[in-house]
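Asker: Fold the following for me, if possible:
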Amino acid sequence: MSTAALRRAYTGPALFSFGFRPFFLFGSAWAAIAVPVWVWSFLGGSAAIAHRDWHVHEMLFGFLAAVVAGFLTTAVPNWTGRMPVIGAPLAGLVALWLAGRVAMLTQYWIGPLAAVIDSAFLLAFAGVIWREILAGKNWRNLPVCGLVSLLAVGNILFHLDTALRGTGVGERVALAAITVLITLIGGRITPSFTRNWMKQRRIAPEPGAHGLADKAALALTGVGALAWIFAPEHVATGAALAAAGAANLVRLARWRGWATAREPLLWILHVGYAWLGVGLLLLGLSRLDPTLVARTAGVHALTAGAVGVMTLAVMSRATRGHTARPLTADNATVAVYLAINAAALLRVAAPFLPEQQAPLLVASAALWTAAFAGFAVSYAPMLAFRRPLTA
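Answerer: Below you'll find the predicted structure:
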């Protein structure tokens with residue numbers, strides 16, 4: 001049976017018929033919940049529940065890990081032609097992810113056990129991806145396996161950070177892995193979807209073919225990411241990150257995103273990739289001249305900007321495509337896109353306006369929550385239920 005036939009033969013709950021369904025739903029809901037909890041703690045709530053490290057961890061290894069899992073458990077079977085992870089195995093992965101969220105909320109009381117429980121999900125998920133890619137002999141996507149493994153290692157290092165004398169290496173490993181993953185996967189789907197859309201409408205010229213500019217952007221991003229992991233304070237790292245940011249913006253320009261202005265489901269991918277280039281550039285400049293750009297500006301251009309925008313872009317498009325909905329954005333989806341970009345802009349602007357930093361952070365958090373809660377609410381019927389008659 002083909003991958004599609006196996007999925008059609010599945011008769012269990014719709015929520016576990018595709019990897020994207022539970023992980024996009026629960027991941028977006030968690031993104032909408034975790035940020036207000038962190039802001040509450042930041043403004044004087046209980047640091048035992050939500051401190052700065054908890055916030056960073058749950059954004060990288062909670063919310064983001066769920067979206068990556070949803071995307072890859074859906075995409076990998078199409079890449080390899082192997083049986084998809086659905087039904088009970090998928091429910092088991094989701095249960096591991098949920099257990100991690102509970103463990104991290106209760107870590108003050110359960111101690112080191114929280115790290116053990118939380119680490120299980122990404123280790124199991126990485127194992128699944130390696131098994132499928134290797135068994136399917138899908139050598140082209142071996143880098144994806146490596147990046148997922150790097151995310152799992154980053155999580156373990158994050159939990160060991162106290163023993164590592166507070167170096168923050170786990171956080172950098174995770175953000176480096178996801179930056180390269182966006183460069184790799186975003187660099188495939190954005191020009192591909194744009195080219196197909198332009199062909200259907202006979203719009204020319206189409207996005208430039210994969211070439212030297214793309215290879216240079218990937219290589220520079222990899223070099224910059226590695227340098228940031230091992231030598232975050234070195235001036236050469238700043239130069240490498242700034243060069244990677246500029247290369248990715250040049251790469252983006254070749255995809256002619258302005259031609260997609262009529263379709264939000266497409267232009268949001270270009271905007272998300274633009275945040276990647278801007279984030280790398282700002283992060284590099286923060287090392288070259290810390291008085292000009294604060295490090296947090298670059299970090300949040302990558303997290304609130306590139307991660308926030310690209311996850312919503314991919315989740316909305318994948319959900320609509322895999323549930324046989326029209327590949328066009330409705331009003332609710334456009335509102336989500338506008339909210340997440342506004343959230344990112346305010347978060348990046350905050351370090352440049354120290355006197356207004358607190359209200360900007362609160363406003364950014366409110367917009368972030370509105371974006372992900374808006375996605376969770378408006379897309380929940382598509383994610384949790386089969387489409388009547390046709391899906």
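Asker: quick one, domains of this protein?
Answerer: What the record gives for the chain is the domain set 1-167, 179-391, from automatic domain parsing.
Asker: what about the last one, average pLDDT?
Answerer: Taken as a whole, domain 179-391 has a mean pLDDT of 94.
Asker: next one: it to chain centre, how far?
Answerer: 9 Å (Cα atoms, centre = their mean, to the nearest Å).
Asker: quick one: buried residues of stretch 137-156?
Answerer: 138, 141, 143-156 (16 or more other Cβ atoms under 10 Å). In this view, the C-beta of every residue, glycine as well, is placed from N, C-alpha and C.
Asker: right, I mislabeled it, should have said stretch 25-42
Answerer: Of all the residues in stretch 25-42, those buried under the rule 16+ other Cβ under 10 Å are 25-39, 41-42.
Asker: among the residues you listed, which are in strands?
Answerer: Among these, no residue falls in strands (DSSP state E).
Asker: Let's have the domains of the chain in CSV, adding distance to Val173.
Answerer: Formatted as CSV, the domains of the chain follow (distance: least, Cβ to Cβ, whole Å):
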stretch, distance to Val173
domain 1-167, 4
domain 179-391, 6
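Asker: Just the ones in strands from the buried residues of stretch 137-156, please.
Answerer: Among the buried residues of stretch 137-156, none falls in strands (DSSP E).
Asker: In helices, which of those appear?
Answerer: Cross-referencing the buried residues of stretch 137-156 against helices under DSSP state H gives 143-156.
Asker: Name the nearest of these relative to Ala349.
Answerer: Nearest to Ala349 out of these is Gly154 (Cβ to Cβ; 27.6 Å).
Asker: Verify the stated contact: the closest one with Val173.
Answerer: Yes: contact status for Gly154 versus Val173: in contact at 3.5 Å, counting by Cβ atoms under 8 Å.
Asker: what's the overlap in contacts for those two?
Answerer: Overlap of the contact sets of Gly154 and Val173 (by Cβ atoms under 8 Å, 6 or more residues apart in numbering) is empty.
Asker: re earlier: of the ones in helices among the buried residues of stretch 137-156, closest to Val116?
Answerer: Of all these, Val116 sits closest to Ile156, with 10.1 Å by Cβ to Cβ.
Asker: Quick check: phi and psi at the residue lying closest to that closest one once chain neighbours are set aside.
Answerer: Ranked by Cβ to Cβ, 6 or more residues apart in numbering and with sequence neighbours excluded, the top spatial neighbour of Ile156 is Ser119, at 5.6 Å. Backbone torsions of Ser119, given as degrees, to the nearest 10, read phi -70, psi -20.
Asker: Now Arg21: which helix or strand?
Answerer: helix 20-42 (DSSP states H and E).
Asker: what's that helix packed up against?
Answerer: helix 52-57, helix 64-80, helix 88-105, helix 308-322, helix 357-384 (3 or more Cβ pairs under 8 Å, 6 or more residues apart in numbering; DSSP states H and E).
Asker: CSV please, covering the ones you listed and showing mean neighbour count and distance to Phe18.
Answerer: Putting the helices and strands packed on helix 20-42 into CSV (neighbours: other Cβ atoms under 10 Å; distance: least, Cβ to Cβ, whole Å) gives the following:
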stretch, mean neighbour count, distance to Phe18
helix 52-57, 18, 27
helix 64-80, 23, 6
helix 88-105, 18, 8
helix 308-322, 23, 6
helix 357-384, 19, 9
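Asker: Phe20 is nearest to which of those?
Answerer: Among these, the nearest to Phe20 by Cβ to Cβ is helix 64-80 (4.3 Å).
Asker: quick one, that closest one and helix 308-322 angle?
Answerer: Here the directions of helix 64-80 and helix 308-322 differ by 40 degrees (axes from the mean of the first three to the mean of the last three Cα atoms, to 10 degrees).
Asker: gap between helix 64-80 and the chain center?
Answerer: Centre to centre, stretch against its chain (Cα atoms, centre = their mean), the figure for helix 64-80 is 12 Å.
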